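Trainee: fold the stuff below for me.
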Amino acid sequence: MDRGHERPGQSVQPNRAALRKHGQALVCHFAVALRLGRLYSHKHQNFAAAAASLEECIRSVLSLEGACSFARVGECLFLNKTRIKTDFRSHQSFRFVLEVLKARDLGEMRFDSELTREEIEGLVTLLNRQVPSREDPWHELEAAAAVLGLDRVHLSRHGESSDLNVQDGEGGVPATEIYFKAITALEAALEAVKGGRGVDWNLLKRRVQTIVDIALGGGSQLLALTNVKDWGSPLANHGVNVAILSVMLGAKVGLTKKLIADLGLAALLHDVGKVSLPEELRSCCREALSGADSRCYEAHVSSGVEKLLQQKVTDGVAKAAIVAFLHHLRFDGTGYPRLRVSQRQNLYTRIVAVADFYDNATAPGRLARAALQGEEVVRAMLDRSGTELDPVVVKAFVNLVGLYAVGCLVRLDTGEVATVVEPPANPRFLDRPAVKVILEPDGSPADRLVDLLEKDEAGGFRRSILKLYEKEAVRLSLNEYLAVL
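Mentor: This next block holds a predicted model:
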């Protein structure tokens with residue numbers, strides 16, 4: 001196949017934010033075209049519309065960049081040497097397209113500007129062919145492409161795009177990918193526990209270790225992802241959020257890497273006993289529970305111990321069982337389970353209790369019908385400090401997250417709109433996190449970091465947060481924001 005063309009991205013420095021958006025769109029259009037190509041003939045209006053949308057997307061990239069290269073390196077996809085980062089809407093399409101390319105050992109597709117609709121349809125046909133059973137699918141793909149006459153689509157085998165790599169200036173696997181994989185792994189573990197099967201502990205530990213590695217390196221993107229309350233099953237989503245918050249807090253209080261990893265595994269599985277609850281109790285609002293329902297709900301802590309002890313018991317599983325049993329006991333010994341012998345929570349359990357409260361309080365329909373935000377949730381935690389929650393852990397946690405969660409959208413008193421990118425550097429100013437301005441006062445796009453601690457000539461702060469946007473707006477904007485980090 002023709003490899004004499006100039007490598008895309010060599011002559012022009014790409015606009016990464018724009019390219020990532022084009023890349024996400026390209027992945028989604030490819031996924032739709034491939035799926036519809038398996039259902040309909042090329043003459044069917046549904047497939048024709050999908051092929052037209054895919055062609056339009058490719059041509060928009062060609063117009064913007066002068067070249068269009070869609071490539072795979074390992075588990076990553078690139079558009080013109082800029083890695084495509086998945087978000088919550090494109091993740092399923094991303095995985096589908098990635099698996100199609102992997103099954104055929106395909107590494108890169110480069111499109112010429114003279115590309116025709118017929119060649120796009122031929123490419124879809126090529127990628128929808130049954131994968132050959134032999135170990136080297138590439139040669140059959142290459143031969144089939146020659147027969148179809150895809151003269152303006154240049155294909156390369158995986159590994160031949162040597163000028164691409166998974167780092168490419170962007171620091172490894174995206175946080176969103178880590179987050180999705182952790183939820184998927186926990187969903188599988190919870191299903192195994194519910195069905196009385198063995199859990200893949202090695203997989204769970206790998207997912208936790210990746211979270212730990214990021215947390216020890218800063219972890220702002222993972223902290224932002226804990227604002228997501230509705231991806232995957234609610235139980236797995238909550239478990240991963242609590243694990244991230246617990247790991248970040250463990251790192252902040254100075255635990256060793258090994259202890260943080262044990263804490264992360266315990267936090268991930270703290271609500272494992274809920275697999276035994278009826279669905280209506282598992283997802284109910286706590287303030288709406290009747291006496292009988294409340295007693296049934298509280299039994300999940302005992303069920304969690306039983307479920308974990310049915311697994312192969314290791315030191316990590318034993319620690320997870322203790323956290324599952326005692327994370328609702330409360331710091332002052334009240335709460336549940338109600339024990340005949342007085343028992344205090346250990347450090348892991350006290351950390352998980354704080355993270356659990358925060359994630360539940362900031363999600364609608366869990367502790368109460370309305371979610372708490374910003375100053376409200378901090379005030380609620382401080383009100384429970386010394387009774388329900390460990391005051392030392394609460395103080396460390398508030399210093400970790402500040403008044404405004406990483407990833408949320410805020411309006412500044414200058415009229416600018418910004419997203420929170422780092423917790424406050426100075427614990428004396430919890431209302432002054434690091435922010436990135438994304439909209440100017442006139443509504444035009446922006447992309448610059450500003451220091452909310454910066455003062456003017458009169459000694460006053462140049463900028464202050466005026467308003468926190470509603471939770472629904474935060475989620476949508478976080479989706480956009482994480483895609484262009």
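Trainee: what is whatever helix or strand A292 lives in packed up against?
Mentor: If you go by DSSP states H and E, A292 is part of helix 291-298. For helix 291-298, the packing partners by 3 or more CB pairs under 8 Å, 6 or more residues apart in numbering; DSSP states H and E come out as helix 279-282. All C-beta spots, glycine's among them, are computed from the backbone N, C-alpha and C.
Trainee: what's the mean pLDDT across the helix it packs on?
Mentor: When pLDDT is averaged along helix 279-282, the result is 80.
Trainee: alpha carbons of it, as PDB, please.
Mentor: Provided in PDB are the C-alpha atoms of helix 279-282 (Å, rounded to 0.1, in the frame of the first residue of the first chain):
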ATOM      1  CA  GLU A 279     -33.400  -3.100  43.700                       C
ATOM      2  CA  GLU A 280     -35.900  -0.600  45.100                       C
ATOM      3  CA  LEU A 281     -34.000  -0.400  48.400                       C
ATOM      4  CA  ARG A 282     -30.600  -0.300  46.700                       C
END
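Trainee: how distant is that helix from the center of its chain?
Mentor: Chain-centre distance of helix 279-282: 25 Å, with CA atoms, centre = their mean, to the nearest Å.
Trainee: mind listing what's buried in it?
Mentor: Neighbour-count burial for helix 279-282 flags 281-282 (criterion: 16 or more other CB atoms under 10 Å).
Trainee: just checking, what packs against it?
Mentor: The contact analysis (3+ CB pairs under 8 Å, 6+ apart) places helix 279-282 against helix 291-298.
Trainee: and the next helix-or-strand element following the helix it packs on, how far from the chain's centre?
Mentor: Downstream of helix 291-298, the next assigned helix or strand under DSSP H and E is helix 300-309. Averaging C-alpha positions (CA atoms, centre = their mean) puts helix 300-309 28 Å from its chain's average.
Trainee: got the contact list for helix 300-309?
Mentor: 193, 269-277, 317, 320-321, 324-328, 336-337 (CB atoms under 8 Å, 6 or more residues apart in numbering).
Trainee: try 6 Å
Mentor: 193, 272-274, 276-277, 317, 320-321, 324-325, 328, 337 (CB atoms under 6 Å, 6 or more residues apart in numbering).
Trainee: and what of stretch 97-104?
Mentor: So stretch 97-104 is contacted by 27, 30-31, 72, 127, 131, 137, 141 (CB under 6 Å, 6+ apart).
Trainee: for it, buried residues please.
Mentor: 97-98, 100-102, 104.
Trainee: with these in mind, which one is nearest to D431?
Mentor: Using CB to CB, the shortest approach to D431 within the buried residues of stretch 97-104 belongs to L98, at 41.5 Å.
Trainee: using PDB, write down the CA coordinates of the helix or strand the closest one falls within.
Mentor: Take DSSP H and E as the rule and L98 turns out to sit in helix 91-103. Extracted as PDB, the C-alpha positions of helix 91-103 are listed here (Å, rounded to 0.1, in the frame of the first residue of the first chain):
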ATOM      1  CA  HIS A  91     -17.000   5.800  25.200                       C
ATOM      2  CA  GLN A  92     -19.100   2.900  23.900                       C
ATOM      3  CA  SER A  93     -18.400   3.900  20.300                       C
ATOM      4  CA  PHE A  94     -14.700   4.300  21.100                       C
ATOM      5  CA  ARG A  95     -14.500   0.800  22.500                       C
ATOM      6  CA  PHE A  96     -16.400  -0.700  19.500                       C
ATOM      7  CA  VAL A  97     -14.200   1.000  16.900                       C
ATOM      8  CA  LEU A  98     -11.100   0.100  18.800                       C
ATOM      9  CA  GLU A  99     -12.000  -3.600  18.900                       C
ATOM     10  CA  VAL A 100     -12.800  -3.600  15.200                       C
ATOM     11  CA  LEU A 101      -9.300  -2.200  14.400                       C
ATOM     12  CA  LYS A 102      -7.600  -4.600  16.900                       C
ATOM     13  CA  ALA A 103      -9.300  -7.700  15.500                       C
END
